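[1] Here's my sequence, what's the structure:
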Amino acid sequence: MLSTDTILQTDIKNKGFAILHSTFKQNGWHLIKNEMNWITYTKSGDETSYFDIKIPQNKIIVSVPIKNSTHQFVTPFNSYYAASEFIEQKLLDYIN
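    Sure thing, here's the model as predicted:
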């Protein structure tokens with residue numbers, strides 16, 4: 001678990017996804033879009049696969065790559081927690 005100090009020192013602008021950001025970094029993914037309302041991760045050498053998080057008013061729209069496909073799966077969430085849990089699971093599924 002990340003400490004509050006560590007979360008505040010991360011380079012991601014939207015601190016609601018700081019723990020998820022750490023998981024991406026540990027698995028070799030990097031930020032290509034780092035805004036308060038739009039975050040995108042990709043992996044060097046595989047820039048066509050990406051995890052996209054958009055935060056318009058009152059919801060979080062998540063887009064995750066479908067393994068062995070050029071398509072993305074898109075779904076909305078009402079909370080940072082639910083979105084983070086979903087993204088983390090999809091990341092682990094994607095890399096394994």
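
[2] any idea which helix or strand comes after the helix or strand bottoming out on mean pLDDT in the chain?
    Across the helices and strands of the chain, the lowest-confidence element by mean pLDDT, DSSP states H and E is helix 4-9, at a mean of 47. Later in the chain than helix 4-9, the nearest helix or strand by DSSP states H and E is helix 18-26.

[3] What is the neighbour count of N37?
    Other residues lying near N37 total 12 when counted by other C-beta atoms under 10 Å. All C-beta spots, glycine's among them, are computed from the backbone N, C-alpha and C.

[4] got a list of what it touches?
    Going by C-beta atoms under 8 Å, 6 or more residues apart in numbering, N37 touches 14, 54-56.

[5] what's the single longest strand in the chain?
    Using DSSP state E, we find that the single longest strand of the chain is strand 46-54.

[6] which parts of that strand are buried?
    Neighbour counts over strand 46-54 (16 or more other C-beta atoms under 10 Å) mark 49-54 as buried.

[7] Name the next helix or strand following it along the chain.
    From strand 46-54, the next helix or strand downstream (DSSP H and E) is strand 60-65.

[8] and the angle from the helix or strand that that following strand is followed by to strand 46-54?
    Using DSSP H and E, the helix or strand that directly follows strand 60-65 along the chain is strand 72-77. Taking axes from the mean of the first three to the mean of the last three C-alpha atoms, to 10 degrees, strand 72-77 and strand 46-54 form an angle of 20 degrees between their directions.
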